[in-house]
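In: just need the structure, nothing else, for what follows:
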Amino acid sequence: AVKWYLSAAEKNNVGGQFALGAMLEEGEGVPVDPVRAGQLYSEAVRRGHLEAHYRLGQFYEFGLGVDQDHHEAMRLYTEATTRNHWPSHFRIGVLHQNGLGTPRDDDKALSWFRKAADAEYAEAQCMVGKLYETGRGVKKDAQKAGRWYVMAAGQGDPGGCHALGLAQEFGRGVPTSLEEAVATYEKGATQDHGPCCYQLGLMYQKARGVKEDTTRALGLFIQGADAGYPPAQNYYGMLLLNGDMGATQDNERGCEYLRKAAEQNDPEACTNLGQVYLKGEGAAQDADKAIYWFRHGAEQGFASAQY
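Out: So this is what the prediction gives:
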């Protein structure tokens, strides 16, 4: 397949250019090369390839293989929206929401999210739900939030599954049902969605809506941690340090998971890592590192790190 797409790209076949770019972006059969992928997407954009507009927009939004440029990302997404590319509508909403390449504007963000959500783009449906849940740009309305979460989760969107599961677990805008929360988290966990894995692990650990099963809980915490979710990394790191819940005590790996979470600004992980260095339990005692991580946790607003 690589040879075919390479040959097609060399012959200026726009489909081949895009396909080879995608393979280089994702490392599918070839080494990851975001710079070359970006070049191929650029060539495909010049020839009007719709999805290439979106992919290259993401490259500029996040600085992948190109210099980060939110204005250029906005331009590319906007061109794609003229052809009803709903993921591009969503990304424009994110740019407006965060003031990237444009002044922050919650009203414009909501407008772009709603266009995509009304077109049944699941990620946008979940976002509209979050806006109603938090009252950002709209009047807070838990029931409306719940309805949007139901739509997103119904399409299997993992973020929607997480949001709906929390709503079901704690009765936010939908009837409280621990059993339904478990089933909803499960849908997200099957997609290796870190937050769903973590919440489902807590349900199994604490026998909420399901029979207690610490072995299953541990597996879910590991799954969530390896998916890169900071609270799961922190939780599993502490289990490894303490040898709890069936985890084999391993100080080195425990600190590694805590560090991964702390480097993503998880405040509890920062504090836990600071305690490790302060007490010399799990790593060599190091007052400077302890102070660094305590301070970092405090900067995230975590009260325990402020003492």
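In: use CA for all of it now, contacts and neighbours both
Out: Will do.
In: so which bits of the helix or strand that residue 218 is a member of are buried?
Out: Taking DSSP states H and E as the criterion, residue 218 maps to helix 214-226. Along helix 214-226, these residues count as buried under the neighbour rule (16 or more other C-alpha atoms under 10 Å): 214, 217-226.
In: cool, and stretch 190-208?
Out: 192-205, 208.
In: and for stretch 130-140?
Out: 130-133, 137.
In: out of those, who's nearest residue 276?
Out: residue 130 (35.7 Å; C-alpha to C-alpha).
In: host element of that closest one?
Out: helix 122-134.
In: does anything pack onto that helix? Which helices or strands?
Out: helix 106-118, helix 142-154, helix 158-170 (3 or more C-alpha pairs under 8 Å, 6 or more residues apart in numbering; DSSP states H and E).
In: list of residues touching stretch 72-92?
Out: With contacts defined as C-alpha atoms under 8 Å, 6 or more residues apart in numbering, stretch 72-92 is touched by 50-51, 53-54, 56-61, 95, 101, 109, 112-113, 115-116, 119, 121, 123-124.
In: quick one: contacts for the nearest residue to residue 163 once chain neighbours are set aside?
Out: When the adjacent residues along the chain are set aside, residue 163 lies closest to residue 149, with 6.4 Å between them (C-alpha to C-alpha, 6 or more residues apart in numbering). For residue 149, the contact set (C-alpha under 8 Å, 6+ apart) comprises 125-126, 129, 160-161, 163-164.
In: one more time with 6 Å
Out: 126, 129, 160, 164 (C-alpha atoms under 6 Å, 6 or more residues apart in numbering).
In: and what of residue 285?
Out: Neighbours of residue 285 in contact, by C-alpha under 6 Å, 6+ apart: 277-278.
In: assess the claim that residue 160 and residue 152 are in contact.
Out: Yes. With contact defined as C-alpha atoms under 6 Å, residue 160 reaches residue 152; the gap is 5.0 Å.
In: look at the two and report which has more neighbours.
Out: A side-by-side neighbour count of residue 160 and residue 152, using other C-alpha atoms under 10 Å, places residue 160 first with 31 against 28.
In: show me what contacts the more buried one?
Out: Counted by C-alpha under 6 Å, 6+ apart, residue 160 has contacts 126, 149, 152-153.
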